[in-house]
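> Just a sequence and a predicted model for now, questions to come.
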Amino acid sequence: MTPRLADGELEEIRERNDLVALVSEYTRLKKTGKNYSGLCPFHKEKTPSFVVDSGKQLYHCFGCGEGGDVFSFVMKIESLEFPEAIQRLADRVGYKPKYQQVRAGEGRGAANKEKIYRINQLAKDFYRKSLKISLLGPL
Ligand SMILES: [Zn+2]
């Protein structure tokens, strides 16, 4: 069973991790107006086209088109899955995220739904293939 992050925890972790401070661990940022800019950590460049909006807590690179928030930044730069990125950012600020208890029944219901969905997909594929064969048919 996969533990689910409690409501509001994602926002809590996002708020505790300042994007400017996080990005500064990978590339040198300079304050330009109300934003910060620097050399993009995702592609090689000589002139800075990587911009961090500290107010919105979003980044964007005008060179390679990368963009997002603290979570997508850490996922991309450390090659992490979303749950790992959450853990990494929580650890970074020494925060213990609260997880929601998933009731046994709920979990099983979801698993069944998933199974039924997969069976339907298989059936659909099977009929599609049979149909194709009968359409091409033996001459
Ligand atoms: Zn870039």
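Nice, thanks for sending it over.

> got a pLDDT number for the spatially most central residue of the chain?
Centre of the chain computed as the mean C-alpha position; nearest residue by Cα atoms, centre = their mean is residue 82, 4.6 Å away. Per-residue pLDDT puts residue 82 at 95.

> Quick check: it vs residue 27, distance?
Distance from residue 82 to residue 27, counting by Cβ to Cβ, to the nearest Å: 23 Å. No exception for glycine: its C-beta is placed from N, CA and C like everyone else's.

> And for residue 95?
24 Å.

> Also residue 119?
48 Å.

> More neighbours: which of those two?
residue 27 (16 against 10; other Cβ atoms under 10 Å).

> I'd guess the more buried one is in a helix, am I close?
No - Residue 27: not assigned to a helix; according to DSSP: H, G, I helix; E, B strand; the rest coil it is coil.

> and it, what is it in contact with?
38, 39, 40, 41, 50 (Cβ atoms under 8 Å, 6 or more residues apart in numbering).

> Could you do residue 77 as well?
26, 41, 42.

> residues from the protein in reach of the ion?
Contact residues, the chain versus the ion (Cβ under 5 Å from the ion): 40, 42, 43, 61, 63, 64.

> Most neighbours out of the residues you listed, which is it?
Going by other Cβ under 10 Å, residue 40 tops those with 22 neighbours.

> That residue in helix, strand or coil?
coil.

> nearest spatial neighbour of residue 4, skipping sequence neighbours?
Spatially, and ignoring its direct neighbours in sequence, residue 4 is nearest to residue 100 (4.5 Å; Cβ to Cβ, 6 or more residues apart in numbering).

> Run through the residues that contact the one you found.
For residue 100, counting by Cβ under 8 Å, 6+ apart, the contacting residues are 3, 4, 5, 6, 7.

> Let's see that with 10 Å instead.
Listed by Cβ atoms under 10 Å, 6 or more residues apart in numbering, the contact set of residue 100 reads 3, 4, 5, 6, 7, 9.
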